[in-house]
Structures are given as structure tokens and as C-alpha cells.
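>>> Any chance you can model this:
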Amino acid sequence: MNYLKQTSETYKYTRRTFLQTSAITAAGIVVHGCGSKQQEPLVKIFHLPKHFSRRYGEFTANICGAIAKQVKQLKYQLNEGEWLEFVQKGNRVPPPLFTLEIRAENLSPGTNQLKIEATPGRGEPEITNLEFEYDPSPIQLPVTLDWSTIDNRNLEVQDGYWETFAADGGWRVRPKPGFEDYDRLLAVTGAFPGGRRIETDVIFHGHIEGRLYGFGVLPMWGGHPDQVGVSPRRGWNFGIAWYYSDDQGVGMEFGYKYGKDKPTWVSSYRNFDYQEGVRYLLIAECVPELDEDGKHLRYRQRLKCHAAGEPEPDQWMELTDTEGAPLPPGEYAVGLVAHRCQVDFGSVTVTSIEG
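Next up is the predicted model:
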């Protein structure tokens, strides 16, 4: 199969026509303003979990979806508060996609009421009423996600359109074919402090032609740091363990960027010949280290990667953030990332480890 050709054609089709060929069917959505002349709603929700897990700092609760081409303005209201505008632009959220980002301090424990107002160039605004739960309780490890019991709508997606699917007697998760793009991110856990070990497997199927691409896990995901009110948020705060085509190998990075400020990076890579259609096992660990006075000193990350059926490597690849991109201490989520490529992941297990 010519994956690159298929991806290009599917991508064009999906972006242009999916709003005309699908309707909102999930329970808990009420749309006001759809008249007889307008057969489809202006807003389509891809992901709105029934329950959002713990958020912290710049790690936001995100609602992902898309809008019809005639929409000129998007606003939202949370828990009868102020109406706020949010926009679609840049690599993260190209039209017709949208990502609505809600900071932890704006979420209420328990039930939250959300309204999204879409205003077309002509006609009346349309309001979509949504409801979700927020649980700020500490994350209890270990956590294992096998994807078989998670509905697509309940995936805690940070950006993009993801789906679970059955394959080879099990369940896997991937960016929905046709929606491969820049940094498609899926949160596996809520935010928690301390060391963590992540185990999963990944199968690479192809990439967007002519673009750099990568895929792997985010042992530490701290969201998109930026000024309040900016959308989409422009920064990043992460530790990543992945394959990246620019370095033609597997490796790790720490990266931090606030808003439009210049980013800081540190990385370490090793040549690795990833093959399409082969299942690879990933083991990533990240721990905070303290100085003699018990204060935060740095984060240390390490990685192993090997094809299924081969022996696990004896040695780890290692990296610390103090070498060039110090990350702030605090709570971080765990996530999966697919950057301009099609990959799928098996079950993910996250356990607590000591530094």
C-alpha cells in the first residue's frame, strides 16, 4: 500500500467533507439554533470525556472538535461565567479543527456546564450545551489502559482526533486516519508528582510526505504554558521519549517554551532503524532528583526500545534536563504523541518509581 499517497488523499477528503457526512450523536449534547435550512450543526465534538482527571498548572482540560466552514466566531461559557472567545490557527489547531483549553483553576470539582457558541457569517448563532465531570483527586498508580473499555469520546485528547480500534485480538489507539498532523497528543493520566515508569508498544505505519515526523511517549507532559486568554496556547513543557526523523533515531528530549518566548531544549539520540509494521516495545522512566537540602535539582529521564521478540537491551539511554532545558518542579501527566505520522499504541502501564 502506498501509505503516503493514501494519507494525502484521505486528509484532503476528511478535512473538506466530514461535517457534511456525519452528525453529533453522542449523548449529553444539546444544540440550539439549528433551523430547517441548516441540516447539520455548526459544531462537531470529537472528544469530551465524561470525567477529566487531575489538572495542574498549564496542563489544561481540552475539548476537541471541528466547525463548519461558515462559522466566523467561536465563544464559550463555563459554569455561567463570562463568555470568552477562542480561535483556530497555527500548526496545533488548523481550521476546521478546534481545541478549547480550560485551566485547572477554572474547573469546578464535580459537574461543570459548558456552552459553545458558533456564529456563522449569515444567520443566528448556534449554542451547543455540554456537561462533564472534573475529579481533582490525586492520581492513584499503577494505571493500565488497555483501550477496550474506553469510548473514543472519552479519550483525554490534548490535540487532534484519536480513536480506539480492535486489531490482532486486542485493542489499540491511534490518531484517526486522515487526521495525522502536528503533535497529535493524548493524555494517558492526569497530573501527578514524582517518578514514573511507562511501558507500551507502538507500530509505525507511515508519515506525511516531505515533513519531519516522530512518535512515542511523553513521560512528562506539563501542557502549553502561555498568557491567560491566548488561544491556542503557544508554549510547551515536556519530557519526551520517541523516534524523530530529523535525528533518524530514538532518543529523549526535555523542552520548555512559554508563549512566544524562545524555547530551551536538550536532547540525546541514538541511531535506530524503525521498520514499518513492526511492533516495538518502549520503556521510559523519569524521576525528579533532589539536592542535599531536599530541594528540586533536576529531572532524569531514561529509555529502552526494542522490537517485540528480541531481548530487552541491558543498557539505558539517559538524559537530564539541567543540560539545557530545566523544567519547573511540579505535577506532570503522561501522554502519547504522534507528530505528522500514523502509528498505533497498545496498552499503556504507568507505575510509580523512586529517584
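>>> contacts and neighbour counts: CA atoms only from here.
OK.
>>> Now do the domain split for the chain, please.
The chain resolves into domains spanning 3-134, 143-353 when parsed by automatic domain parsing.
>>> Most tightly packed of those domains?
Mean neighbour count, computed with mean count of other C-alpha atoms under 10 Å, is highest for domain 143-353 among the domains of the chain, reaching a mean of 19.
>>> Now the terminal residues of that one, how far apart.
13 Å (C-alpha to C-alpha, to the nearest Å).
>>> So for that domain, mean pLDDT?
For domain 143-353, mean pLDDT is 97.
>>> now stretch 62-76
97.
>>> send the alpha carbons of that stretch over as PDB?
What follows is stretch 62-76, C-alpha atoms only, in PDB (Å, rounded to 0.1, in the frame of the first residue of the first chain):
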ATOM      1  CA  ASN A  62      -9.200  20.100  26.400                       C
ATOM      2  CA  ILE A  63     -12.300  19.700  24.300                       C
ATOM      3  CA  CYS A  64     -11.500  18.900  20.700                       C
ATOM      4  CA  GLY A  65     -13.700  19.100  17.600                       C
ATOM      5  CA  ALA A  66     -14.300  20.900  14.400                       C
ATOM      6  CA  ILE A  67     -16.600  23.600  13.000                       C
ATOM      7  CA  ALA A  68     -18.500  24.100   9.700                       C
ATOM      8  CA  LYS A  69     -16.700  26.400   7.200                       C
ATOM      9  CA  GLN A  70     -19.400  29.200   7.500                       C
ATOM     10  CA  VAL A  71     -18.500  29.800  11.200                       C
ATOM     11  CA  LYS A  72     -16.800  33.100  11.800                       C
ATOM     12  CA  GLN A  73     -16.600  33.300  15.600                       C
ATOM     13  CA  LEU A  74     -16.300  30.800  18.500                       C
ATOM     14  CA  LYS A  75     -17.000  31.600  22.100                       C
ATOM     15  CA  TYR A  76     -17.500  29.500  25.200                       C
END
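>>> How far away from the center of its chain is that stretch?
A distance of 18 Å separates the centroid of the chain from that of stretch 62-76, by C-alpha atoms, centre = their mean, to the nearest Å.
>>> Ok, stretch 117-128 next?
So, by C-alpha atoms, centre = their mean, the centroid of stretch 117-128 is 28 Å from its chain's centroid.
>>> what about that stretch, how long is it end to end?
End-to-end distance of stretch 117-128 (C-alpha to C-alpha): 6 Å.
>>> what is the rounded mean pLDDT of that stretch?
Per-residue pLDDT values over stretch 117-128 give a mean of 96.
>>> quick one: the closest residue to residue 170 other than its chain neighbours and residue 351, what's the gap?
Leaving aside its sequence neighbours, residue 170 sits nearest to residue 148 (C-alpha to C-alpha, 6 or more residues apart in numbering; 7.6 Å). Residue 148 sits at a distance of 20 Å from residue 351 (criterion: C-alpha to C-alpha).
>>> Can you tell me, leaving aside adjacent residues, what's nearest to residue 346?
residue 172 (4.7 Å).
>>> How far does the helix or strand where the one you found lies sit from its chain's centre?
Using DSSP states H and E, residue 172 sits within strand 170-175. When C-alpha coordinates are averaged (C-alpha atoms, centre = their mean), strand 170-175 and its chain have centres 14 Å apart.
>>> Give the other helices and strands that the helix or strand where residue 217 lies contacts.
Assigned by DSSP H and E, residue 217 belongs to strand 214-221. On a contact count with 3 or more C-alpha pairs under 8 Å, 6 or more residues apart in numbering; DSSP states H and E, strand 214-221 meets strand 195-207, strand 236-244, strand 279-290, strand 333-339, strand 341-345.
>>> Give me the residues contacting that strand.
For strand 214-221, contacts defined as C-alpha atoms under 8 Å, 6 or more residues apart in numbering pick out 59, 196-198, 202, 237-245, 284-286, 332-341, 343.
>>> neighbouring strands for that strand, and are they parallel or not?
Its sheet considered, strand 214-221 pairs with strand 236-244 (antiparallel), strand 333-339 (antiparallel) by DSSP bridges.
>>> Residue 267 is nearest to which of these?
strand 236-244 (9.3 Å; C-alpha to C-alpha).
>>> Next, the angle from the helix or strand following the closest one to strand 279-290.
As assigned by DSSP H and E, the chain's next helix or strand after strand 236-244 is strand 249-257. Angle of strand 249-257 versus strand 279-290, following axes from the mean of the first three to the mean of the last three C-alpha atoms, to 10 degrees, is 40 degrees.
>>> Just the CA atoms of strand 249-257, as PDB, please.
The C-alpha coordinates for strand 249-257 follow below in PDB (Å, rounded to 0.1, in the frame of the first residue of the first chain):
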ATOM      1  CA  GLY A 249      16.900   7.600  15.800                       C
ATOM      2  CA  VAL A 250      15.300   7.000  19.100                       C
ATOM      3  CA  GLY A 251      16.000   9.300  22.000                       C
ATOM      4  CA  MET A 252      14.800  11.700  24.600                       C
ATOM      5  CA  GLU A 253      14.300  15.500  24.900                       C
ATOM      6  CA  PHE A 254      13.400  18.000  27.600                       C
ATOM      7  CA  GLY A 255      11.800  21.100  26.200                       C
ATOM      8  CA  TYR A 256      10.300  24.300  27.700                       C
ATOM      9  CA  LYS A 257       8.700  27.300  26.000                       C
END
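>>> partners of the residue lying closest to residue 152 once chain neighbours are set aside in the sheet?
Counting by C-alpha to C-alpha, 6+ apart, residue 152 lies nearest to residue 163, which is 5.2 Å off, once chain neighbours are set aside. Counting by DSSP bridges, residue 163 is bridged to residue 174.
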